[in-house]
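Asks: Fold the stuff below for me.
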Amino acid sequence: YESYVVEDPDGHTIEFYAVKDVPGEPLLEERIVTLVDVAGFARLVRGRSEEEVFQMLDSFYREVEDLAGAAGGRALKYIGDGVLLSFPLDRAAAAVAYVESLPQELLSVWDDYGTTCKVHVKADVLSLAWGHMGRMGSFDAIGDGLNQLFMHVSDGRSISAALWELAQEQADHTDGTTSV
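Replies: This next block holds a predicted model:
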């Protein structure tokens with residue numbers, strides 16, 4: 001990683017670290033991919049300052065990441081008011097539990113801002129090409145299944161049949177139960 005220093009339009013200096021000029025060599029892998037999105041976020045932030053919106057999203061991102069990390073997942077990237085996450089296949093049961101509990105777990109994130117939000121969560125088992133791209137080494141993931149996950153309409157939680165099946169298999173092998 002190298003240090004980059006940029007100046008914003010107001011003359012503030014910002015330093016960040018990124019991978020510099022890494023050749024695009026993706027990891028090709030099957031992963032559990034989860035998309036977390038805040039429903040109605042544009043309406044929610046109407047009339048709020050950019051600083052407050054920034055703080056709201058930062059709180060949201062941190063909570064999503066902390067909960068995913070505890071379940072064995074990691075954030076791949078932020079997309080506006082959404083977060084794209086990845087879990088290894090051997091964490092399917094934990095990923096399903098994460099998806100099922102996340103909307104309730106995130107309710108308190110919005111308390112400091114005097115509002116509530118509905119969170120939509122979609123998850124599937126997908127083939128991905130992922131890694132650092134471009135001269136700055138931005139991290140990204142691509143794949144047809146990922147595009148389909150983004151376009152899938154969900155009104156809350158959506159867990160694919162493939163992910164349910166994988167989680168059930170893992171639960172059957174770890175503790176002898178037959179439910180996830």
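
Asks: Now name the helix or strand holding residue 128.
Replies: Using DSSP states H and E, residue 128 maps to strand 118-133.

Asks: if I look at the residue nearest to residue 112 when sequence neighbours are not counted, how far off is residue 47?
Replies: Nearest non-adjacent residue to residue 112, counting by Cβ to Cβ, 6 or more residues apart in numbering: residue 59, 7.2 Å away. (Glycine included, C-beta is placed from N, CA and C.) As for residue 59, its distance to residue 47 is 19 Å (criterion: Cβ to Cβ, to the nearest Å).

Asks: Which one of these two is surrounded by more residues?
Replies: Between residue 59 and residue 47, counting by other Cβ atoms under 10 Å, residue 59 is the more crowded of the two (17 against 6).

Asks: So for that one, what's the pLDDT?
Replies: pLDDT recorded at residue 59 is 92.

Asks: was I right about it contacting residue 109?
Replies: Yes. Using Cβ atoms under 8 Å, residue 59 makes contact with residue 109 at a distance of 5.3 Å.

Asks: And the strands in this protein?
Replies: Taking DSSP state E as the test, the strands found in the chain are 2-7, 13-18, 27-39, 74-79, 82-87, 118-133, 138-142, 157-159.

Asks: Using JSON lines, please lay out these together with mean neighbour count.
Replies: Compiled in JSON lines, the strands of the chain are given as follows (neighbours: other Cβ atoms under 10 Å):
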{"stretch": "strand 2-7", "mean neighbour count": "10"}
{"stretch": "strand 13-18", "mean neighbour count": "10"}
{"stretch": "strand 27-39", "mean neighbour count": "20"}
{"stretch": "strand 74-79", "mean neighbour count": "15"}
{"stretch": "strand 82-87", "mean neighbour count": "23"}
{"stretch": "strand 118-133", "mean neighbour count": "20"}
{"stretch": "strand 138-142", "mean neighbour count": "15"}
{"stretch": "strand 157-159", "mean neighbour count": "18"}
